[in-house]
Structures are given as C-alpha cells and as structure tokens.
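Engineer: below is the structure, and that's it, no one-letter string:
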C-alpha cells in the first residue's frame, strides 16, 4: 500500500514541491519510476501519472467491475472520465454517467457511456432504477466529493453491490445503515497507490485505451498562468485535462 | 447471494412463521437444509442456525480477518461472541473486545479475546490506538447497531482496514469521509447468507470451535415465556444464547 | 461446483439422453435453466449452452486473464475460439493463437487474435518467446487435448503465469517440474460448471460478444446425419459450430 | 513476485556467497530486511529466514487451505513440518501427514497432525480415501520432490482441490490429465517470495506459532562441519533444523 507508506506516500506536490519545474528530485525513485517504452505516445503516458490510476484503482478495481455488470459513475469530470475509460477493460454491459453538465455528458457518450443522466434536469434515482428494473447498479462510483452525490450512490446501489468513493470529501455524509445494514453492500475509499502503472502502460501500448482523449487544452510552459485559469473554469472552458508542453 | 434471493431470502420468522413450533414447513428446503452428521453435538449445531454464520460471514469473512492481524469487536453480545469464536479460525494476533458490561468482557476473555476495553469506563479510541502503536486495527466489527459504536469503528480503523457491520441499525450514522476518503478502507454490510454452514459443521465436528459455549440458559418448550423474559433482560441475566429443549 | 454435484453434474448426453429430440426432461431444472430475455438473438444463446461457458470458465477465468496481459491459446477449434472471444472481456494486450490450420488461424484474426502462429510451419516456442521478449505468456490455454500441446504450454508460460487446460485428454502428459518447480506457475483443469451463464447472457444482450459468429453451418433437424458428417470433418469443412434448426 | 525479480530473486547462497560468515553484504536490503521487534525470541525468527515462508507461501497459501478443510502433507521433513505448523493458521479440520519415517510422523503428531500414514507400511492412497469417505483431500502438499510423491498427490486430490508443490524436483513427473482434466483441480509451483515475513513475525510475536520447535540440534560456529554431517544424515539423526550459534 504505497499510498500509506510510512516514509513515502503522496509526496510530490504535497509534502515537497511538485513537478512544475525543469528539474525534479524524486524520492524513492526505484519504486516509483517506470521506463517509457520505445515508440510510446508520451501524451497518453502523461495521463498515467495520476488520473488514470486514480480512476482505475479507486473506482474500477475497488468497485469490482465485472463483465456484464451495470455501473454508474457520478461525476463526469476528468477523474470520472478516467473511470469511464478504464471501466471498459472489464466489459460491463451498461455504463450510466450522471452529471449536471450536458456538455460533459455528451463527451462521456463518445468515451463509451451507454446511458447519461443530467441530474439537474431529471430525477437520477428514479431514472437509474428504471434502467435497472428496480434493482439498482452493481457498482456506483462517486467522483465528485460532496454529500449529495455520495448519498445518491447509496440510493442506487443494488443488493450485493459496491460503492467506490473516488471524490475528495470536505465533510461527513449520512450513511443510511437503517436501509443498508442488510443489503450486502461494500463501500471503499482509497488514495491511489499507482500499483497498476505497469498494467496501464501495457494497455496504452496495445491501444486498449487512449487516455490522450482526456487532453482538451495545450499550453506552453510560459503560459502556465493561463493554463491555471482555464482549469479553474473547467466546466465553462469545457476542459478535462490540460497539457503543459516544455517546447 | 441467498439472502437476496428474489423468491427466498429470510423467510422463517420474517415472512412466514418461524420454528417455535413442533412442526415446520421449510420453503426451498433442498437448498437450505443440511444433514446432521452422525454423532454430532446437536446443541452445538443449534448455534449454527443463525448466530455463528452471522458472526462469521458478516463479521469475519467480510472483515477479511487474516493471520497476524489485529481486530476489534465492538459489542460482546451473542453475535459479537460468535464473531470472536469464528475470528480464531484465521489466527489473528490480537482480538480486542469492546463493551460496557464487565461481565460480558470477562466471558470474552475465556472465549479468546486478548484484550478487553470497557468503553463506559475508559476512552476506547485512545486505548485502541495505544494498543496498536497509533495505527488502529486491521478489522473493526460493529456488533451493536447504534451510531456511536459504528463511529467508534471509524475512529479506530487502520489505513487499509475493514469495518464489517453486523449490527441491525435503526437510523443513519455519520460517515466521516472528510477523514476517511484517502485511508483505503472498506466498509461492508450483510444479511447472513448461510453459505458457510457446511464449513461450520466441519469445524464443529473437528472441535475447532465449540459454539455450545454460547448457551448460558436452558428451558423446556413449555417455559417459553420465561425464556423470553430472560433473553429480554440478557445483560442482567448474563444471558448469551438460550436453548429451548423439546423434552 | 455444479460439475461435481453428487447427484447432478454432467447428465444430459452423458448419463441420460441429450437434447437432440423434440422433447427433453431436464433434471434439477430450477438450478440449471435460465429464462431467455425478450428480444434475444436465440442463435447467439445456443452457443451459451456449452461452448462459451467452457471456453470462459475453464480457459479465461481459470487462466486469470487480466488487462494488459499476453495470452496464448493453443488450438483454434470451436472451444479455442470461444476462449478467444471471451478473453476479450478482460482486455488482454496480446492474444496469440496457435494452430496447424491456416484457415482457422485466419478466422481467429477476425475474432480478435493479435498474432497467429502455424505450429506446423514454424517453431511455436521460439516464436512466442520472440514475441514476448523471452518472458513467455501470462496465460496459456490448452484447447486441444494431446500431450504435445500441453507440453508446448509448459514451454511458453512466463514465471507467475497460468496454464488453463480446456482440452479433453486421453493420456498422461509429462509435467516438467524439474524446470517448473520454482517458476510460480499455476495449472488448472475444469469441467464447465455453467455458473457464468447469467453473466454471459448479459454480455450477449449488451453486444459485448457475438457468439453467433461461431456458427459456420446450418442444417434442418432431418439433415442431422449430414450435420454429423460435416462436424466429423470439421477442419476440411471449415466448420466451427453447426446449428440444427427445428423448422 | 520478488522470487523472479529480474535483478534480485534468490541471490544469497545461490548467485553470491550466503550467510555462513561473520559479515555479509545484503543486496536490495531495503526491500528484504525486517527489524527484529524488541523482546523477540531470535531462535524462532531464524526459522523465518527461509523454511517458514517456504512452507507457508508455497504450501499453505498456494494450497488455499481453509477452515474445515482436509489436507494432506506428503513429506514430514523440515519444510513439510513448516507447512504443518502454518496450516493451522487456517483451522483445517484434518491434517494427514504422510512419510516413510515413523519417528518423523510421531513428531508431526505433536506438531498438530490429526492423522499419520507411513507410506512404506500401508497403502497411502487407500488410507487417505478411507479417511475422506472416498472424496480425497481439499489440499495436497508435495514436500519431497520425487515423481512418486507428486503422483500420490494426484491420486488423493478431491474434485475442486489444490496440489501445492513445495519439493525441489530433478525430473519430470507424469501428470494424469486423462483422469484429471475434468476434476477442477489446481496445481501450483513456487519459489518462496518471502512476502509473508511481516505476517509471520506477527504470528511469532503473538505466540500463534512456535517455529523454534523445528530446531532439533545446536552447534557452535566452529562445529560447522559436524553440523553439516548431522544434517546430511537428517533422518538417522532425527534432525529437522540445526541452529548455528555464534557465541
């Protein structure tokens, strides 16, 4: 569990300065760096530094996504999209994307969502239950980080299902054990461990996934402030991930 | 997942009359009855009808108890004791029993608890953290069913650990995702499926477990009301399980 | 483990007459029949009676196929093709198909194989090692049933890999433990349990797999003998699966 | 999989000189050394350097030993005894020890074997089948390394069971796929990875296991040649493990 390594864990950009620099010192580098295979699409691999393993490990692996399953992803931001892309490694039958932004929902369809729900416009709970014959979903992935979206997951999870929390939360949520105590559900939290990086590199190499799709904007290193502005207004700018080029 | 079988599930004593009768009709009997091996201790096997598989499946299996682990069981009532007995199948290093009743805690020691904490008398959180060098426990089993005990589990769970809910809850609890979102924890709920009954029968046959220890009182069938009174005052009567004899 | 159920198991066409009849009695029907969802492609579902779950359970699940893995399937007959189709549920990076029939290898490419090797024409061991930088494959699926093909799997399996036997064998094979004892490999055998039928129905419903592709020939019920002749000369007739229509 | 690390793996005493020296250089020490907890029984911990993790990882974990299971261990030498001790972490119902040396079998009883079979004196296959009502064992652990003992495991394994190879083999064995292809069995090999060392340290600390029991002889460093003679005649000398003391 690298994420909770007593001397390591989440260091770059957290306990020490991060990588927005020309040179960077990487602590414990022999356990955390991977060689880039010859001929790789480096832009695709940039997405593997954080967002792909986060969506995959915290959402898809913790959510136990399996062939034929029905899953819901709540939040169509970058990490929700990373979950959407990597969910497809396991061939779920249905992927329902839930967000309040029609534009992001539209993008999610082109990334493989089979159904979309704009929860600002229609009742997400009822819609999910309708799509699943009243059973709910096998996996619900929370990729927002507020009480309302987590509690939505509690309402739509099927008996025996998994709620995989990916969002960063600032306050507590109500866990309705009075309804869930006998429902055989699993709830997980996780800080990404990046243990799946080698696997993800192979899937990129073999074109099973094209994470460069997540890049919506590109800036030069000296346009950094503009890049932050764009990402700060991500919804309005229709931004998912922003690439900083050093040339 | 028998517990959520669309036509089956928890039927006896719930959807139809239960077994406190001389004759009983068992629906779906070919999937739910097991032959009693010759020479069995039938009193031990009575404990396998509900309480042992509940403690084992909902607590120990869901809690992923492993050799060398440190676990805490919150609630030293009958189902907590069943969890205590079956936890030992997996040789955890430490089993911390937490309750407010000294008498039950004393019994738990004779059942294999390595530490006991009376949470009415001392701070359970601090005591658990002290016993675990500040790390918390690998598995916390909630066997009471009220918000305070579930939230205690949230406070004492180690990074990477499992909270296995066994208690029947009447209201929601606060899930502190603001603290737990990055702690790689798993929370589970479950209505017992009784899929482990064949395994449990074998462990009783081979004396790996002696569930008859849970029987503290015995009554005849015509003393049923007295039996209910005793169980209704379980703490005061120092009652764990009560056996009704038909002779 | 339905396949080894003491009173059930492989009954139809084995212990009692099979389904090549207008009416058939199905023992233990409540555990072995599934409703056909409205609007299904029934020809696709015919493939789920035996060949798809066999390739999937005995080959892909036992072989622990994972995203990014490299797998080899030895034998491009119907069950090898079923393994090829269902392997793709888990997004392996490379699927190497090995057979002695160019025509079947060609078909396997259209079904998703990324590499093919005609083992009658080139050294399969060297070719696999060349494709895998000398490491061998993560999963080798034996779908023929003779010593030479099983021993080929032993030669091409990577450290930590799985050999999943699907073939029906008539004699013993040499297990080279003098080479394999320290290679951390797993070898599995299995008679299909059909526990994955509900999952497979969902993947057919959602078009994640199109097993009707395996049907190469169609006959009426009164052309049964001709159908058997064709299947008896499957390689020459380029036959994979033959559908008998009752109309 | 440390055992197959491209730059690491089994180095000491294999690729470079081992530890029979006053000073030793440990390559990749930050991934392979563990601090000894204060107050530990160091003699017990010596057993954790190789034999305990070998018996546990290659035998018990690979063999998927579970509560209530019936297991057989073929070979009552040191590594078979290590498997016997660590098997009990999972509370199997029956542990059948098979060897040709009555003295070792007698020791195995004091270590927890529930049945012993001297295969030089009675038919081991028939005896195991008799003890298991004709079903065979859930796990068979091969801890000798010759064809006869591996093939014995093939004869006594139950449908759905695991054969975990621990022995170091010098030649191939006959794998009877003509009998086993439809028996849903798993066969594993493994070079110890020592990933379970932290777990094993905890079980020693908490007295769940007393591996110092395996030490039958003690010598000083300057009696090394005598120690080798004793271990070279282990059966005759009734030797399991020999401790070299540096004082």
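Structural biologist: It's in. Please read all numbers here as calculations on a predicted model, not as lab measurements.
Engineer: per-residue confidence for residue A:21?
Structural biologist: At residue A:21, the pLDDT value in this model is 79.
Engineer: and it, what element?
Structural biologist: Following DSSP states H and E, there is no helix or strand that holds residue A:21.
Engineer: burial check on it, number of neighbours?
Structural biologist: 9 (other CB atoms under 10 Å in any protein chain shown). C-beta: built from backbone N, CA, C; applies to glycine.
Engineer: repeat that for residue A:135.
Structural biologist: Neighbour count for residue A:135, taken as other CB under 10 Å: 18.
Engineer: give me the distance between it and chain B.
Structural biologist: To chain B, residue A:135 is 10 Å away according to CB to the nearest CB, to the nearest Å.
Engineer: all helices of chain A, in order?
Structural biologist: Counting by DSSP state H, chain A has helices at residues A:29-32, A:42-46, A:51-53, A:78-87, A:102-110, A:124-131, A:147-156, A:177-180, A:197-205, A:224-232, A:234-237.
Engineer: mind putting those into a markdown table with distance to chain B?
Structural biologist: As requested, these are exported to a markdown table (distance: least, CB to the nearest CB, whole Å):
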| stretch | distance to chain B |
| --- | --- |
| helix A:29-32 | 17 |
| helix A:42-46 | 23 |
| helix A:51-53 | 14 |
| helix A:78-87 | 13 |
| helix A:102-110 | 22 |
| helix A:124-131 | 16 |
| helix A:147-156 | 7 |
| helix A:177-180 | 4 |
| helix A:197-205 | 17 |
| helix A:224-232 | 21 |
| helix A:234-237 | 20 |
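Engineer: what's the closest of those helices to chain C?
Structural biologist: With CB to the nearest CB, the closest approach to chain C among those belongs to helix A:197-205: 3.4 Å.
Engineer: neighbouring contacts of the closest one?
Structural biologist: If you take CB atoms under 8 Å, 6 or more residues apart in numbering or on different chains as the criterion, helix A:197-205 is touched by A:34, A:37, A:40-41, A:44-45, A:48, A:52-53, A:56, A:86, A:89, A:209-211, C:66-69, C:91, C:93.
Engineer: got the angle between the top strand by length along chain A and helix A:124-131?
Structural biologist: The residue-count maximum for a strand in chain A (DSSP state E) belongs to strand A:157-165. With axes from the mean of the first three to the mean of the last three CA atoms, to 10 degrees defining the directions, strand A:157-165 sits at 130 degrees from helix A:124-131.
Engineer: wait, does strand A:157-165 contact chain B?
Structural biologist: Yes: using CB under 8 Å from any CB of the partner chain, strand A:157-165 reaches chain B at A:159, A:160, A:165.
Engineer: now residue A:18: closest residue in space that isn't a chain neighbour?
Structural biologist: residue A:12 (4.8 Å; CB to CB, 6 or more residues apart in numbering or on different chains).
Engineer: so what's that neighbour bridging to?
Structural biologist: On the basis of DSSP bridges, residue A:12 is bridged to residue A:16.
Engineer: now do the contacts for it.
Structural biologist: With contact set as CB under 8 Å, 6+ apart, residue A:12 has these partners: A:18, A:19, A:24, A:26.
Engineer: from the residues of strand A:157-165 next to chain B, pick the one nearest chain B.
Structural biologist: The closest of the residues of strand A:157-165 next to chain B to chain B turns out to be residue A:159 (CB to the nearest CB; 4.1 Å).
Engineer: hang on, isn't that closest one packed against residue A:183?
Structural biologist: Yes: using CB atoms under 8 Å, residue A:159 is in contact with residue A:183, at 5.0 Å.
Engineer: give me the below-cutoff pLDDT ranges for chain A.
Structural biologist: A:247 (pLDDT under 70).
Engineer: close to chain C: what parts of it are there?
Structural biologist: Counting by CB under 8 Å from any CB, the residues of chain A close to chain C are A:66-69, A:88-91, A:93-94, A:114, A:198-203, A:205-206, A:208-209.
Engineer: buried subset of those?
Structural biologist: Listed as buried from the residues of chain A next to chain C are A:66-69, A:88-91, A:93-94, A:114, A:199-203, A:205-206, A:208-209; burial here means 16 or more other CB atoms under 10 Å in any protein chain shown.
Engineer: what about the closest residue to chain D within chain A, neighbour count?
Structural biologist: Per CB to the nearest CB, residue A:31 is where chain A lies closest to chain D, at 8.4 Å. Counted with other CB under 10 Å, the neighbours of residue A:31 add up to 13.
Engineer: quick one: contacts for it?
Structural biologist: A:2, A:8.
Engineer: okay, now the domains of chain A?
Structural biologist: With domains defined by automatic domain parsing, chain A comprises A:1-33, A:51-188.
Engineer: pick the most buried one from those domains.
Structural biologist: Ranked by mean neighbour count under mean count of other CB atoms under 10 Å in any protein chain shown, these are led by domain A:51-188, which reaches a mean of 22.
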